[in-house]
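# Can you look at this prediction? I've put the sequence above it.
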Amino acid sequence: MREAIQYDFDAVVVGSGITGGWAAKELTEKGLKVLVLERGRDLQHGKGYRGEHAPDWKVPYHGKKPREFYEEEYPMANRVYAFSEATRQYWLNEKQNPYVVDKQDPFMWIRGNTVGGRSLLWGRQVYRWSEMDFRANERDGHGIPWPVGYDDIAPWYSHVEKFIGVNGKAEGLPQLPDGEFQKPMPWMALERTIQRRLQKKAPDITLTNARVAVLTEDLPGRSACHYCGPCHRGCSTGSYFSSQASTLPAARATGNMTLKSNTLVERLQYDAETGRIASIHVVDTETRERQSFSARMFFLCASTVASTQILMQSTSEQFPQGLANRSGALGHYLMDHTLGMSGMGLFYDDMDSYYYGNRPTGLYVPRFRNLEGEDENLDFLRGYNYQTATLRMDWQTSFNTKGFGADLKNSLRKPGPWLFALAGFTECLPRESNRMYLSKKLDRFGLPQVAFDMRWSDNEVKLRQDAAQQATRILRAAGAVFTMGEENISPETMSLPGEGIHEMGTARMGNDPAQAVLNKWNQAHDVPNLFVTDGSFMTSASCVNPSLTYMAFTARACDYAATQLAAGQL
Amino acid sequence: MNRREFMQCAVIMISGASAAQLGFALSPEQETYLATAPDYIAGELNFLTPAQRNLVAAMAEVVIPRTETPGAIDAGVPRFIELMAGDWFNDQERAIFVAGLADIETRIPVDYGKPFHLLEASLQLEIMQDLEAQAKDSAWYDFANVQRQFISDAPFICQVKELTIWGFFTSEVGAREVLRYEPMPMRFDGDIPLGPDESTWAGPSF
Ligand SMILES: Cc1cc2nc3c(=O)[nH]c(=O)nc-3n(C[C@H](O)[C@H](O)[C@H](O)COP(=O)(O)OP(=O)(O)OC[C@H]3O[C@@H](n4cnc5c(N)ncnc54)[C@H](O)[C@@H]3O)c2cc1C
Ligand code: SF4
């Protein structure tokens, strides 16, 4: 009977960020007619990157923050390192698009404002999950078991890595599987010195190249990095992965994609007769015109929280608690990584060596705690990693020196000693009480504002404390003459929930429909033609940056959905 | 270094963001391609009197004088200071700045017989050193006072120093002729020799 219906599109994809771009590419390349709906405004690759390559003297206030303005309109986003006037166009205005911020326990919800979503802004760090990560819930009893293991997803990691372009170094570590790597970026002399010392004095620590979605070798239509930095202003050579540079052009090239910007999705319309989603309802963010589209299947890629918001707004007689929410898990098990500087050391080694060019990443220390069969006596579960940064002190770190005149000028213009820092990212346990929900407050489109209820647990606190202690040990072994560590660690001093910008969960996957929203194919247990492939599906958090995993699951879900569609199963 | 300051320093390091790209406000007209926009210091000046302009220029030049390389005036720092004091300071900071100017404008001619900008270099330096000695307990001088929110109650002399140093090393002249500037490195080499007299890279590098 369904065959008789005229559909506007084969598939609708909501969002054009990291996961939406992937869904658009994969589905269009399989020959499906795809409509991509994006609330943000249009932004062209290259032409749209207004801040790219701008020197400091072109910039209002030479880079000092206009403080009142930012606090008023971007109170959360302006806390992120990548926020500036050269990138402000990429961030959602929080005054115009508010969510409910609890004064006591604020959640930092960082959202994009354009086609491409946060793919333009991200830090490009990409790490595979290991089997240890996929087994973590099963092993320690937090959350529900993953319905997927490393072997299921490994080919999809490869598929994604080859397309986005990842540079890195193979290390053969079971806790951090190697991927399809382009040649790694060179190291600084001090980093080599530190590595040599660690090999002797802290042999349990691996210092390796960060794995980064930045090209060191050309790919079709994209060229190797020219080391201009900073990346988050946009990269017209497409040297780092963004939707604009990579997935959207591929989708466009098929001729099968229709992309509508300034189009906010309000809800999905469930058809009780067919047991499927029949149509999707949108509002034009400029004209406020409302419209709907029909399709055979629907992919939510609006990002964690935003996709769940759409499901919660899509209530019906059959789904009074939110679409596809028979499990009651929708909105719950929200996670994020805590982040912060675990330790920093001062070094006087390699003072006569300097660098040329701006390497758009630091190095990386893979997880080394609670590995399978090790660290049995630790009083916390799971683990953490460090992203590192190496920097030479200069006028920016010492401009408040006493004195005047030629001597001051001369001392400020020259490089000082080195700083080497370890920024810990810790895993977060899935807990039911950490959640998002719809408040009674409405926004300018008449839609409910999202509210959050999330706190760090004891385990996250202990992980951060351990990360700080271990950072000091590592920096001493590395030869720092002076070290400084994160101190007085408590939930009050830690990064805010959401500040890691690795928010995930709220529509978790699992084999049991009574406990999980999605099955192992990112397909809603309750609604066969509905897929959610952004970070909402995450059943646990690992400690590694998540976007590579979102991309791999998205590509895998698209493959499954297209096959099912062709077989008449959707 | 307290925790907050430490974290601010940390943010710079994790992100590889230069201080200068941590924030700046574009007017709607400037929301074009920034790299081809006019320099910030080309903006219209309307905050200081001609006498105050002489004073600010002289003070900036005491902080960063012309040597064998250009100094604050060559780099347009007086314009930068006037624009920042007029547009960027909040009311409290602007009041401190205006009072600081007024103090020098009235006190110096009485004590020395001439306005500040006409005094000999050694006297100018002495006056600035006195101001710094009086301000020495300000939090502005704390070790960790870098990469942070501006300290709103910083004394006048600290304001002058910060705006001069910031304006100078982020200016085109400062970046190209005193520091080193390479917007298109094309490669990364982590180990090049550094001579004892060589300068750091200008931002937005790190
Ligand atoms: C500064 C920064 C650094 C980061 N660094 C890293 C990193 O190094 N490694 C890493 O793995 N991750 C990193 N992240 C996180 C990463 O950006 C996200 O995990 C990733 O973008 C998520 O992809 P997504 O497709 O789910 O969401 P997004 O990329 O945010 O895209 C979602 C899109 O959906 C649109 N949308 C939302 N709601 C609606 C609606 N109702 N209707 C229509 N459209 C809608 C949005 O406008 C947006 O364009 C970083 C993020 C930031 C901001
Ligand atoms: S550093 Fe490389 S990836 Fe980053 S913006 Fe420049 S060219 Fe692009």
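Looks like it came in fine. Numbering: from 1, shown residues only, chains lettered A, B, ... in the order given. Ligands and ions are numbered 1, 2, ... in the order given.
# Contact residues of the stretch 101-250 of chain A facing ligand 2?
Proximity of the stretch 101-250 of chain A to ligand 2, by C-beta under 6 Å from any ligand atom, involves residues A:214, A:225-229, A:231, A:235, A:237, A:239-240. Any C-beta I mention is one placed from the backbone N, CA and C, and that applies to glycine too.
# In those, find the pair that's most separated.
Greatest spatial distance in these: A:Gly229 and A:Thr237, 12.8 Å, computed using C-beta to C-beta.
# if you count what's nearby, which of those two comes out ahead?
Using other C-beta atoms under 10 Å in any protein chain shown, the more surrounded residue of A:Gly229 and A:Thr237 is A:Gly229, with 25 against 17.
# Distance check, the more buried one against A:Ser279.
In this view, A:Gly229 and A:Ser279 are 45 Å apart by C-beta to C-beta, to the nearest Å.
# where does the chain dip in pLDDT?
I went with chain A, as the question did not name one. For chain A, the stretches with pLDDT under 70 are A:1-4.
# you looked at the wrong chain, it should be chain B
For chain B (pLDDT under 70), the answer is B:1-32, B:144-148, B:204-206.
# what does the longest helix anywhere in it contact?
In chain B, taking DSSP state H as the definition, the longest helix is helix B:91-112. Here helix B:91-112 makes contact (C-beta atoms under 8 Å, 6 or more residues apart in numbering or on different chains) with B:48, B:51-52, B:55-56, B:59, B:85-86, B:89, B:114-116, B:119, B:123, B:127, B:150, B:152-157, B:159-160.
# how about residue 57, secondary structure?
Chain wasn't specified; assuming chain A. Here A:Trp57 is recorded as helix under DSSP: H, G, I helix; E, B strand; the rest coil.
# Chain B is the one I meant
B:Ala57 ends up helix, using three-state DSSP.
# any chance you could map the strands in chain B?
All strands of chain B, identified by DSSP state E, fall at B:189-193.
# Mind jotting down where the helices sit in it?
Assigned by DSSP H, the helices in chain B fall at B:3-15, B:50-63, B:77-83, B:91-112, B:121-135, B:156-169, B:172-173.
# can you list these in a markdown table and add mean neighbour count?
Output for the helices of chain B, formatted as a markdown table (neighbours: other C-beta atoms under 10 Å in any protein chain shown):
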| stretch | mean neighbour count |
| --- | --- |
| helix B:3-15 | 20 |
| helix B:50-63 | 20 |
| helix B:77-83 | 25 |
| helix B:91-112 | 15 |
| helix B:121-135 | 15 |
| helix B:156-169 | 26 |
| helix B:172-173 | 17 |
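# A:Glu217 looks like it's in a helix, true?
No. A:Glu217 is assigned coil when assessed by three-state DSSP, not a helix.
# isn't it right next to A:Ser223, touching?
No. Taking contacts as C-beta atoms under 8 Å, A:Glu217 lies outside contact range of A:Ser223: 9.3 Å.
# Okay, the closest residue to ligand 1 within the stretch 1-150 of chain A and ligand 2: tell me how far apart.
Closest contact between the stretch 1-150 of chain A and ligand 1, by C-beta to the nearest ligand atom, is at A:Gly17 (1.9 Å). As judged by C-beta to the nearest ligand atom, to the nearest Å, A:Gly17 and ligand 2 stand 18 Å apart.
# With B:Pro193 instead?
From B:Pro193 across to ligand 2, the span is 23 Å (C-beta to the nearest ligand atom).
# Show me what that residue bridges to in the sheet.
A:Ser353 (DSSP bridges).
# I'd assumed A:Tyr354 was in contact with it.
Yes. Between B:Pro193 and A:Tyr354 there is a contact at 7.4 Å, judged by C-beta under 8 Å.
# Between these two, which has more neighbouring residues?
Using other C-beta under 10 Å as the criterion, B:Pro193 and A:Tyr354 rank with A:Tyr354 on top: 21 against 8.
# Report how many residues lie close to A:Pro155.
A:Pro155: 12 neighbours (other C-beta under 10 Å).
# so who does residue 186 touch?
With no chain named, the answer covers chain A. By C-beta under 8 Å, 6+ apart, the residues touching A:Pro186 are A:359, B:188-191.
# actually it's chain B I care about, not the one you picked
B:Met186 touches A:226-227, A:357, counting by C-beta under 8 Å, 6+ apart.
# Report the residue ranges of every domain in chain A.
A:1-167+A:242-336+A:432-453+A:499-570, A:169-210+A:338-426+A:455-496 (automatic domain parsing).
# out of those, which comes closest to B:Glu182?
For the domains of chain A, proximity to B:Glu182 was assessed by C-beta to C-beta; domain A:169-210+A:338-426+A:455-496 is nearest, at 7.6 Å.
# so how far is the closest one off the chain centroid?
21 Å (C-alpha atoms, centre = their mean, to the nearest Å).
# Figure out which of the helices of chain B is closest to A:Arg41.
Closest approach to A:Arg41 among the helices of chain B is made by helix B:3-15 (25.2 Å; C-beta to C-beta).
# Tell me how many other residues crowd the closest residue to A:Glu161 other than its chain neighbours.
Distances taken as C-beta to C-beta, 6 or more residues apart in numbering or on different chains place A:Glu180 nearest to A:Glu161, at 4.2 Å, with adjacent residues excluded. A count of neighbours around A:Glu180, defined by other C-beta under 10 Å, yields 16.
# gap between the nearest residue to A:Arg359 once chain neighbours are set aside and B:Ala175?
Of all residues not flanking A:Arg359 in the chain, B:Phe188 sits nearest, at 4.7 Å (C-beta to C-beta, 6+ apart). According to C-beta to C-beta, B:Phe188 and B:Ala175 sit 20 Å apart.
# the more surrounded of these two?
B:Ala175 (25 against 20).
# In contact with the residue nearest to the more buried one when sequence neighbours are not counted, which residues are there?
In this structure, B:Ala175 finds its nearest non-sequential neighbour in B:Ala202, 3.5 Å apart by C-beta to C-beta, 6+ apart. By C-beta under 8 Å, 6+ apart, the contact list for B:Ala202 reads A:55-56, B:169-170, B:174-176, B:179-181.
# Around ligand 1, pick out the residues from the stretch 401-550 of chain A.
Applying C-beta under 6 Å from any ligand atom, one finds that the stretch 401-550 of chain A approaches ligand 1 through A:501, A:534-535, A:545-547, A:550.
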